[in-house]
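>>> predicted structure and sequence below. I'll ask about it afterward.
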Number of protein chains: 2
Amino acid sequence: MRQEQSGDMPAADAPIRYRAAGFGGGTLGDMMRGAEKRLLARMMRSLGDPPVQVALWDGQEVSGGATPAMARVLIRDRAALLGLISDPELRFGELYTAGRIEVQGDLVLFLETVYRAMSAASAASASPNRLAGLFQRRRNNVPEARRNIHHHYDIGNDFYKLWLDSRMVYTCAYFQDQAQSLEEAQVGKMDYICRKLRLQPGDTVVEAGCGWGALALHMARHYGARVTAYNISKEQIAYARERARAEGLDDRVQFVEDDYRNIRGRFDAFVSVGMLEHVGPENYPQLGATMDRCLAPGGRGLIHSIGRDRPGPMNAWIERHIFPGACPPSLSQMTHLFEPFGFSVLDVENLRLHYARTLEHWLQRYESAADRVEKMFDAAFVRAWRLYLAGSIAAFTTGSLQLFQVTFTRGGNNAIPWTRRYLYE
Amino acid sequence: MRQEQSGDMPAADAPIRYRAAGFGGGTLGDMMRGAEKRLLARMMRSLGDPPVQVALWDGQEVSGGATPAMARVLIRDRAALLGLISDPELRFGELYTAGRIEVQGDLVLFLETVYRAMSAASAASASPNRLAGLFQRRRNNVPEARRNIHHHYDIGNDFYKLWLDSRMVYTCAYFQDQAQSLEEAQVGKMDYICRKLRLQPGDTVVEAGCGWGALALHMARHYGARVTAYNISKEQIAYARERARAEGLDDRVQFVEDDYRNIRGRFDAFVSVGMLEHVGPENYPQLGATMDRCLAPGGRGLIHSIGRDRPGPMNAWIERHIFPGACPPSLSQMTHLFEPFGFSVLDVENLRLHYARTLEHWLQRYESAADRVEKMFDAAFVRAWRLYLAGSIAAFTTGSLQLFQVTFTRGGNNAIPWTRRYLYE
């Protein structure tokens, strides 16, 4: 993570006390403080006036919302306040990371409160996608995709081991009931996907974006599939290969360090779990063409991806600092993977609340390991990833983000399940 | 139905035998026959060369396809042949209706064979939507929608009683297994929809396009809902009102003869089964706005509609003669109902094969009642509706048409089912 200046700011906070002509009896400092409060109140209104209390470095306070404050934020210096006002979506995360903004109380509750207010304000405004053009997403051609994926997934397997489940599954789990453990729910998710794909022994599967390889290995071990799994994260592929060898599955699972666009061969099933968010809508024609090229007649496919209720960009801070190039699609955007290629969508399931639950497990484990994370990186990194995990929980609980599982096949294929009951038996 | 000239055509078939200068020894009749065969063969190629045998009025035959013929068609006169060649999609149905084209053998199998060949040819061509601009769909403003619906649904309740189930449900049934009766499967469909909507006693429901009222009455009787049901078909509404009175449900179900655009009030659930096909994509913003206006906070919605894997027009003959104004949407088109209004799609299920099975039941009952249908109308009508039912079976079995059930709610509503297991318990 980029290091930012932390602690109190100099100069602007110094008690410069001279009289401002013509503006009554206050000092310039008084005037500035009045202006700051007004700007802060205006920013709060632009965010839909969330019921939160904002405390400034000098003891001043501003409260938003018509209801009692759900959370309290401390802004530690004037420059932080001005930065926040200039671009709250991007700068909040940067200033929180730098420790110049603190959230007192429950971070998830605070973020949910703000997201709900923003969502209501956005729905009330005439242009619901008003944030859409505010920043330029990085485009994901092959080398750029590699850099973007490296940024997030190659920061160290040891780091992810601290807070993921034992199989290192870094996507939404499927909790048959909310009391299930994360381990159970990740296995449950993998089984659910295999059942949706109706995997049979001997089936060939290609996986686009395989993470640390858990699903590919699960398909081979428990369903007798032969899997070719692609990923452009060097560290993840190295880890997955070692695991396949250790588990004696390297004759049935091949891990390929390459881009989805370079997938070759024909397969009975195509699966992609948690990759589409990184592909970018501008590349869906290429991904759809890949699916079309590699899916055998009668083949089945499943795409599992973070999504949105309507097209829009990822949160600017997340996109800049956590997931460069990321863009969760709406269903209308996802259809561009299917319709031009004659695929038939059989089933779409929205598992939004399951991702919130998954992230709650991750955040809990992360907090338990915060000391070790700080030793690996630094305090700013600990804060940044705390905010990312807590913010993601809030995004899923408030409906800013969705989780879509889409099952599809080739048009006219009648070897499809009669009902979905078999998934629940 | 419009009556067409039937039987053999005069003049063109008369044995005009004079020599054509410079074209060898054949008569003009020989030459014309040669030209006809070439044109017919070209038309067959344009349809993907389906393995069917075409016999002409004079005993000539043309066979398409690389495999043995699956069906045999008899074209009874030259004008019919030329009409068919000029516009096969529209004219086949018209000529079949007029008895000037006959299908010998299994009509559904014949249509499936042709649809499969056409679909393969379309997939292989560069412009998969090449048929999209070939005809002008009737647009469905309020008066036009009323005329279009009148055309199909007001031809007589007694006619539909001959071949629908006892509850008069004229939409895709849900067969828990393929052996279920039509009656069971229509009740099964209504229950499935009520469960997807999680109806509770006292819930208010608005139904857009209620047919003869079966679902509205079912919701009131078995789920304790209070239902307001809209339809612009005069005959259907009259029938539904009478039924509500007879069943003592008229205090809980109100049938309104009006357009979906005029729905007023707020409801816990919005449901529309088999109406969207008649709405037309150009009117989806109005339907979406209606849903947005009438759905209470936390409300649930379900849209059940014939659809397609990609945007495209309805079969031209069906659109002209059976369902004026109809246009089954693709999923990308359906998203225009949801995304601009902040709805969140929870579940999409494709029940294509269930509609094929439903139609098989209808066609079987229809054939058993063909004599009575002919007495009500005439032989041409019997043929037209036979072709419509058989063609619809083929459209669903070959994947030309889909059946989508889409469950949705307002964005950010967390009172949603944790999994879909409850639907199958």
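The structure has been received and is ready for your questions. Numbers count the residues shown, from 1 in each chain, chains lettered A, B, ... in the order given.

>>> helix/strand/coil for the nearest residue to A:Gln104 once chain neighbours are set aside?
Counting by C-beta to C-beta, 6 or more residues apart in numbering or on different chains, A:Arg72 is the residue found nearest to A:Gln104 once chain neighbours are left out, at 4.4 Å. In short, each C-beta sits where N, CA and C put it, glycine included. Per DSSP: H, G, I helix; E, B strand; the rest coil, the local secondary structure of A:Arg72 is strand.

>>> for the stretch 1-150 of chain A, give me the ranges with low pLDDT.
Within the stretch 1-150 of chain A, the ranges that satisfy pLDDT under 70 run A:1-26, A:28-29, A:125-139.

>>> what about the helices in it?
Taking DSSP state H, counting those that start in this stretch as the test, the helices found in the stretch 1-150 of chain A are A:28-46, A:78-86, A:88-97, A:107-124, A:142-153.

>>> just the buried residues of the shortest one, please?
Going by neighbour count (16 or more other C-beta atoms under 10 Å in any protein chain shown), the buried part of helix A:78-86 is A:78-85.

>>> closest one of the residues you listed to B:Ala173?
Proximity to B:Ala173 was ranked across the buried residues of helix A:78-86 by C-beta to C-beta; first place goes to A:Leu84, at 57.5 Å.

>>> how near is the closest one to chain B?
Look at A:Leu84 and chain B: by C-beta to the nearest C-beta, to the nearest Å, they are 25 Å apart.

>>> then A:Leu359?
Going from A:Leu359 to chain B by C-beta to the nearest C-beta gives 15 Å.

>>> returning to what we had before: so which of the helices of the stretch 1-150 of chain A is the most surrounded?
helix A:88-97 (a mean of 22; mean count of other C-beta atoms under 10 Å in any protein chain shown).

>>> and stretch A:334-353, average pLDDT?
Regarding stretch A:334-353, the rounded mean pLDDT is 98.

>>> please read the previous query as pertaining to stretch A:238-257.
For stretch A:238-257, mean pLDDT rounds to 97.

>>> distance between that stretch and the chain's centre?
From the chain centre to the centre of stretch A:238-257 is a distance of 27 Å (C-alpha atoms, centre = their mean, to the nearest Å).

>>> distance between the ends of it?
9 Å (C-alpha to C-alpha, to the nearest Å).

>>> try stretch A:148-165
Start-to-end, stretch A:148-165 (C-alpha to C-alpha) is 24 Å.

>>> surely A:Trp385 meets A:Glu367?
No: in this structure, A:Trp385 is not within contact of A:Glu367 by C-beta atoms under 8 Å, at 10.4 Å.

>>> ok, A:Tyr230 touching A:Arg261?
No: the criterion here is C-beta under 8 Å, and A:Tyr230 misses it with A:Arg261 at 9.6 Å.

>>> those two: which is more packed in?
Neighbours were counted for A:Tyr230 and for A:Arg261 using other C-beta atoms under 10 Å in any protein chain shown; A:Tyr230 has more, 24 against 16.

>>> who does the host helix or strand of that one pair up with?
Taking DSSP states H and E as the criterion, the element that holds A:Tyr230 is strand A:226-231. Counting by DSSP bridges, the strands paired with strand A:226-231 are strand A:204-208 (parallel), strand A:253-257 (parallel).

>>> may I see the ones you listed organised as TSV, with mean neighbour count added?
Output for the strands paired with strand A:226-231, formatted as TSV (neighbours: other C-beta atoms under 10 Å in any protein chain shown):
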stretch	mean neighbour count
strand A:204-208	24
strand A:253-257	20
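
>>> between those strands, which gets nearest to B:Met190?
strand A:204-208 (38.3 Å).

>>> let's verify the nearest residue to A:Pro329 once chain neighbours are set aside: helix, strand, or coil?
The spatial neighbour of A:Pro329 that comes closest, neighbours along the chain excluded (C-beta to C-beta, 6+ apart), is A:Gly307 at 5.5 Å. Using three-state DSSP, the structure places A:Gly307 in strand.

>>> and for A:Gly307, the neighbour number?
27.

>>> wouldn't it be in contact with A:Ser332 here?
No: if you go by C-beta under 8 Å, A:Gly307 and A:Ser332 don't touch, sitting 10.2 Å apart.

>>> list the contacts for the residue in the stretch 51-200 of chain A that chain B sits nearest to?
Across the stretch 51-200 of chain A, the shortest distance to chain B (C-beta to the nearest C-beta) belongs to A:Ala123, at 5.4 Å. Contacts here follow C-beta atoms under 8 Å, 6 or more residues apart in numbering or on different chains; on that basis A:Ala123 touches B:342, B:411.
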